[in-house]
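>>> Task: produce atomic coordinates for the following.
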Amino acid sequence: MAAIRVDGLCKSYGAVRAVDGMDLTVDRGELFGFLGPNGAGKTTTIRALTGQVRPDSGTIRVLETDPTVDPLETRRRVGILPERGSPPSFLTPSEYLAFVGRIRDLEPDVVADRTERWADRLGFRSKLETLHTDLSRGQQQKVMIAQAFIHEPDVVLIDEPLANLDPLVQEQVKRFLLAYAADDNAIFVSTHNIDVAEAICSRVGIVADGRLVAERVPEADDEPLLETFLEYVGDADPRDVPARDRLDQ
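So this is what the prediction gives:
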């Protein structure tokens, strides 16, 4: 059974159809890229997958859970890295990851060990006891990556994984994501960066106007992903979602 399955997903904000009949599946072992321009419906889809917004119609299954019925169970079982997320400013990375570990029902010694491993992997060990308000946006992003994976979930949903990271850390994160997906896990990466999708994704779904309009396997396709993207998205309508609901910026 697919790790993620979406059938006929629709979601509107007023007169704007943010997601319009989305169908997709992601299997274990895949690093699936969800590629589209701003306003295409990418973040709305992720929020529906994690139960943060309720769809107007359609069905969703994530690890056999239904986020429209039991969103807490879905969020308990997956990792989530939002594009605009940031740790609480009044906590240090150590405190925040300990808090996440408690929510995820991890033993304190397990959390401590994994916190140190992530701090070493991404280079924020010297910042473990620094308040987040005093960290750079890049350092905060490293902590957010750690919280998404600290419970070693079978499915991880990521919105723009390399935002605010320097080139060296970007390369480290790319390699980690590839290895993690290969270990029988599923990673769903939403991005508007064609180079990122082409470099790390085993399969790419191209989304425009709230629908999945094409799928490509970068490693196997002769045509550059950019050409496919322009073919399907070049004339896409950038829907004007109201500011209070604007998700894909």
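>>> Might you list the low-confidence residue ranges for this structure?
Within the chain, the stretches with pLDDT under 70 are 1, 235-249.
>>> Show me the helices in it, by range?
Secondary structure of the chain, counting by DSSP state H: helices at 42-49, 71-77, 93-103, 108-122, 137-149, 167-182, 194-200, 225-233.
>>> In a markdown table, list those helices along with mean neighbour count.
Every residue, glycine included, has its C-beta placed from N, CA and C. Below are the helices of the chain laid out as a markdown table (neighbours: other C-beta atoms under 10 Å):
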| stretch | mean neighbour count |
| --- | --- |
| helix 42-49 | 26 |
| helix 71-77 | 17 |
| helix 93-103 | 18 |
| helix 108-122 | 16 |
| helix 137-149 | 21 |
| helix 167-182 | 15 |
| helix 194-200 | 19 |
| helix 225-233 | 17 |
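>>> Columns distance to Ala15 on top of those, output as a markdown table?
Putting these into a markdown table (distance: least, C-beta to C-beta, whole Å) gives the following:
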| stretch | distance to Ala15 |
| --- | --- |
| helix 42-49 | 15 |
| helix 71-77 | 26 |
| helix 93-103 | 38 |
| helix 108-122 | 43 |
| helix 137-149 | 34 |
| helix 167-182 | 37 |
| helix 194-200 | 30 |
| helix 225-233 | 22 |
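>>> closest to Leu9 out of the ones you listed?
With respect to Leu9, and counting by C-beta to C-beta, the nearest of the helices of the chain is helix 42-49 at 6.2 Å.
>>> name the helices or strands packed onto the closest one?
For helix 42-49, the contact count by 3 or more C-beta pairs under 8 Å, 6 or more residues apart in numbering; DSSP states H and E identifies strand 4-13, strand 16-26, strand 31-35, strand 57-62, strand 155-159, strand 186-191 as packing neighbours.
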